[in-house]
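>>> predicted model and sequence below, questions to follow.
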Protein chains: 2
Amino acid sequence: MRRGHLLSAPPYEVETALKRLGADLRTARLRRNITLAEVAERIGASREVVGEAERGKASTSMVVYAALLWSYGMVERLGALADPATDGEGLRLATLRERRHARTPQPLDDDF
Amino acid sequence: MRRGHLLSAPPYEVETALKRLGADLRTARLRRNITLAEVAERIGASREVVGEAERGKASTSMVVYAALLWSYGMVERLGALADPATDGEGLRLATLRERRHARTPQPLDDDF
DNA sequence: TGGATTTGTCGGTTTAAGCCGACATAATGT
DNA sequence: ACATTATGTCGGCTTAAACCGACAAATCCA
């Protein structure tokens, strides 16, 4: 992790979403009346990383967030998060011209 | 990242969810007719990590997944993923006895 | 088929994530 | 207030994530 600016300065909306996700994970845990150390042990991680995830740390491994969702019975939501059937814009584009792999060489009109 | 067994062997349901999420992110990208390199540049990451996320790599940073969702216009879903209002089990428990015994989380002045 | 493009992989480097132990601080409840 | 518990923080250590350049394999389209 060196030069890419993603981790050092993610888009604002990304940070917002992560902060909210973390806060909601904390709410879920408190409602279940368990401690950081307890969840950490259940999912096989350290107390520290769980606390960081609850604060929405961007560079934390995806598996930490995923395991937390799993421990609260919400992991199916993660799997369905980008369901193609619910991707409105993608569906529109797909009906026009779906792509399988290679990029279609654009002849002239290169406007984006 | 050394001894915790989370990253080395996550729960099966977690791996499944990540695989599906990654596959769906790939579908979203192909529908939009853009390459790995292009998305990578847009979100400020390397082509490699994007490819790994699309394969559901568990140890990839959360921000990579989040930024991909963002680039496809799905980042709000991530923020709402663990919405307390939709946490059925949590709601039940909360009515019984909510716990407030936690320190108010500090802002986590961004990842250093 | 052939040529162009996309994607996966390999080697090497730098940075930091995650772990641990111990301590500091904040919140709780009696 | 006090003791207790939960959470945040510090320093050090080990491992690997993310980067880069280049190459190999897969995919696509004319």
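Received the coordinates, thanks.
>>> going by C-alpha atoms from here, please, whenever you check contacts or count neighbours.
Will do.
>>> where does residue A:93 land in three-state SS?
helix (DSSP: H, G, I helix; E, B strand; the rest coil).
>>> isn't it right up against residue B:32?
Yes - using CA atoms under 8 Å, residue A:93 makes contact with residue B:32 at a distance of 6.5 Å.
>>> what are the boundaries of the strands in chain A?
Assigned by DSSP state E, chain A shows no strands.
>>> for it, what helix or strand is lowest in average pLDDT?
Using mean pLDDT, DSSP states H and E, the weakest-scoring helix or strand in chain A turns out to be helix A:88-96, at a mean of 70.
>>> and the lengthiest helix in chain A, does that touch chain B?
Secondary structure of chain A per DSSP state H: the longest helix is helix A:12-31. Yes - interface with chain B: helix A:12-31 contributes A:13-14, A:16-21, A:24-25, A:27-28, A:30-31 (CA under 8 Å from any CA of the partner chain).
>>> quick one, which of those are buried?
Buried residues within the residues of helix A:12-31 next to chain B, counting neighbours by 16 or more other CA atoms under 10 Å in any protein chain shown: A:14, A:16-21, A:24-25, A:27-28, A:30-31.
>>> mind listing the helices for chain A?
A:5-8, A:12-31, A:36-43, A:47-54, A:62-71, A:75-79, A:88-96.
>>> contacting residues around residue A:10?
Contacts for residue A:10 (CA atoms under 8 Å, 6 or more residues apart in numbering or on different chains) come out as B:63, B:67.
>>> contact partners for residue A:68?
Listed by CA under 8 Å, 6+ apart, the contact set of residue A:68 reads A:25, A:39, A:43.
>>> what subset of these is also close to DNA strand D?
Contacts with DNA strand D are made by none of those, judged by CA under 7 Å from any atom of the strand.
>>> sorry, back to before: and the angle for the longest helix of chain A with helix B:62-71?
120 degrees (axes from the mean of the first three to the mean of the last three CA atoms, to 10 degrees).
>>> gap between helix A:12-31 and the chain center?
11 Å (CA atoms, centre = their mean, to the nearest Å).
>>> could you list every helix and strand in contact with that helix?
Counting contacts by 3 or more CA pairs under 8 Å, 6 or more residues apart in numbering or on different chains; DSSP states H and E, helix A:12-31 packs against helix A:47-54, helix B:62-71, helix B:75-79, helix B:88-96.
>>> now stretch A:23-34 - C-alpha only, PDB.
Extracted C-alpha coordinates of stretch A:23-34, given in PDB (Å, rounded to 0.1, in the frame of the first residue of the first chain):
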ATOM      1  CA  ALA A  23     -21.600   2.900  13.800                       C
ATOM      2  CA  ASP A  24     -24.400   0.600  12.900                       C
ATOM      3  CA  LEU A  25     -22.200  -2.400  13.600                       C
ATOM      4  CA  ARG A  26     -21.500  -1.000  17.000                       C
ATOM      5  CA  THR A  27     -25.200  -0.500  17.600                       C
ATOM      6  CA  ALA A  28     -25.800  -4.100  16.600                       C
ATOM      7  CA  ARG A  29     -23.200  -5.300  19.100                       C
ATOM      8  CA  LEU A  30     -24.400  -3.200  22.000                       C
ATOM      9  CA  ARG A  31     -27.900  -4.300  21.400                       C
ATOM     10  CA  ARG A  32     -26.700  -7.800  21.800                       C
ATOM     11  CA  ASN A  33     -24.900  -6.900  24.900                       C
ATOM     12  CA  ILE A  34     -21.500  -8.200  24.100                       C
END
